[in-house]
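[1] structure for this input, please:
(one chain, ligands or ions: 1)
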Amino acid sequence: MGIIEVRDLRKVYGDKVAVDGVSFDVEEGEVFGILGPNGAGKTTTVECVEGLRRPDGGSVRVAGYDPAADRDAVTRLLGAQLQESELQPKITVREALRLYAACYPDPADWRVLAERLGLTDRLGTRFAKLSGGQKQRLFIALALIGNPRVVVLDELTTGLDPRARRDTWQLIEDVRDSGVTVLLVTHFMEEAQRLCDRIALIDKGRVTALDTPAGLIGRTARGTEISFVPSAPLETALLAGLPSVASVAERDGGRVVVHGTDDTVHAVLSLLARLGITALHLRVTEATLDDAYLNLTGLDA
Ligand SMILES: Nc1ncnc2c1ncn2[C@@H]1O[C@H](COP(=O)(O)OP(=O)(O)OP(=O)(O)O)[C@@H](O)[C@H]1O
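    Here you go, the predicted structure:
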């Protein structure tokens, strides 16, 4: 049984079907990612999990509770960092942490949390004066202050510079290592690939794929790409005849591009060695989650 169970979830705004039969389970202790294009229904889905929106069909359970009916129970065990969160500009970090801590029956020690999130030297700083990265760290602290079993993070690193984004990833890994289940909505492939144990790809209100990052990458047609400039004329039909090769193309500048699997690298280089040809400017690239995403959402067409 998953700590979050979403079954055939449906949510309609007027005549717009935002979520159209979404189902997934999140296991306790994993980082589960929800990935998809703008308007795919990601935020609506997690808002139903948080109890902020009432589903029009299907069901949601968090640790067995219905978030729409058992708001109090779900509020106690779920912490949320909302997309585009804001606080009063004049509230200080200390005041915000104490205020939120007061809302929970068994809160975490806010001083320990501030220390863990690198906010101790900012306790007296007003919200409006924090940098983007510091605000995000504060939102993570506020999402964790109730000692939740599940934390929902929606587009947490949008707007952060690369350094602050990486620091935030480390924080999320620390949160996961402390045993908290993380439901993460993101637009960033690198973020999803690094952090998520499993990912649900959502498009037009439906789950189009659900797998580990490696599993999703394995589904893309692209596989491994080997490209090089042969040191002498090369009959490319010989490459196309190798067992693991999916395609061979010749590009400007005499560059040959071969698509295949991991085994293709060895097969191509062995063939070239037999022919006495050197692979100049050799590049080997593996498919990424980015390729898988474009492939699976049809955006690479
Ligand atoms: N309160 C609302 N009233 C009407 N339509 C809405 C409302 N909230 C969302 N929608 C619409 O529902 C669809 C799904 O929106 P949602 O915010 O869940 O998508 P998303 O995948 O989170 O998008 P993004 O990545 O842009 O945040 C969109 O077409 C959106 O315009």
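
[2] which residues of this protein lie near the ligand?
    Proximity of the chain to the ligand, by CB under 6 Å from any ligand atom, involves residues 13, 16, 18, 36, 38, 39, 40, 41, 42, 43, 44. (C-beta placed from N, C-alpha, C; glycine too.)

[3] shaky segments in this structure?
    For the chain, the stretches with pLDDT under 70 are 82-85, 221-222, 299-301.

[4] same thing but 80
    Filtered on pLDDT under 80, the chain yields the residue ranges 1, 81-85, 157-161, 163-164, 218-222, 297-301.

[5] and the strands in it?
    4-13, 16-26, 31-35, 57-62, 78-81, 150-154, 181-186, 198-203, 206-211, 224-230, 247-250, 256-260, 279-285 (DSSP state E).

[6] surely residue 171 and residue 141 touch.
    No - with contact defined as CB atoms under 8 Å, residue 171 does not reach residue 141; the gap is 9.5 Å.

[7] which residues do the two both contact?
    residue 117 (CB atoms under 8 Å, 6 or more residues apart in numbering).

[8] give me the more crowded residue out of the two.
    Neighbours of residue 171 and residue 141, each counted by other CB atoms under 10 Å, are more numerous for residue 141; the result is 25 against 19.

[9] thinking again about what came up before, of all pairs in the residues of the chain next to the ligand, which one is the farthest apart?
    13 and 36 (17.0 Å; CB to CB).

[10] looking at the two, which is more packed in?
    residue 36 (24 against 11).

[11] so what's that one up against?
    Residue 36 sits next to 42, 201, 202, 203, 297 when contact means CB under 8 Å, 6+ apart.

[12] just the buried ones from the residues you listed?
    Buried residues within the contacts of residue 36, defined by neighbour count using 16 or more other CB atoms under 10 Å: 42, 201, 202, 203, 297.

[13] and the residue nearest to residue 80 when sequence neighbours are not counted, how many neighbours?
    Leaving aside its sequence neighbours, residue 80 sits nearest to residue 152 (CB to CB, 6 or more residues apart in numbering; 4.6 Å). Residues lying near residue 152 (other CB under 10 Å) number 25.
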